[in-house]
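**Student:** Only the shape, not the letters, is given here:
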């Protein structure tokens, strides 16, 4: 018998619910407010079969281009060969969650703007507006006062 290759083949572990998270979703899933242009993570919820994404898109991040009563339109950039193709599809809101991919970036911008405001109030110029690489570790002095030479134990053949 040949191996079946349907739309949901090889998804036994991919679409499983987390430990003690089985059953219907909480009200939070349905009360979330989505906005066009917002980043969302596509995570298939196997408790809801309608409006489910194809297995390739599970775990991918995309942007919303359309919002309706029960579903959202998501656009992702799919790598095909040597280029990226924009793919657009609609999913039920049970299968998407707001992405945290821009949290650090937005916090960085807030901190930078606050620093700029403080510098402007003080009449100074902000120099380090851009992110800087970590750079080399500081120098250390290693003392050889308590260095001990180790010798291997001689091999003895025992019968």
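**Tutor:** That came in fine, so what should we check first? Note that the coordinates shown come from a computational prediction; the quantities given were computed from them, not determined experimentally.

**Student:** contacting residues for residue 93?
**Tutor:** By CB atoms under 8 Å, 6 or more residues apart in numbering, the residues touching residue 93 are 29, 30, 32, 34, 70, 71, 72. (Glycine included, C-beta is placed from N, CA and C.)

**Student:** and of these, the nearest to residue 159?
**Tutor:** Residue 159 lies nearest to residue 29 out of those, by CB to CB, at 73.8 Å.

**Student:** Can you list the buried residues in the helix or strand containing that closest one?
**Tutor:** According to DSSP states H and E, residue 29 maps onto helix 27-31. Buried residues in helix 27-31, counted by 16 or more other CB atoms under 10 Å: residue 29.

**Student:** So what's the residue count around residue 7?
**Tutor:** 8 (other CB atoms under 10 Å).

**Student:** If we ignore the residues flanking it in sequence, what's nearest it?
**Tutor:** Beyond its immediate neighbours in the sequence, the residue positioned closest to residue 7 (CB to CB, 6 or more residues apart in numbering) is residue 54, lying 6.6 Å away.

**Student:** Over to stretch 33-51 now: how far is its first residue from its last?
**Tutor:** One end of stretch 33-51 sits 18 Å from the other (CA to CA, to the nearest Å).

**Student:** Nice, that's everything, thank you.
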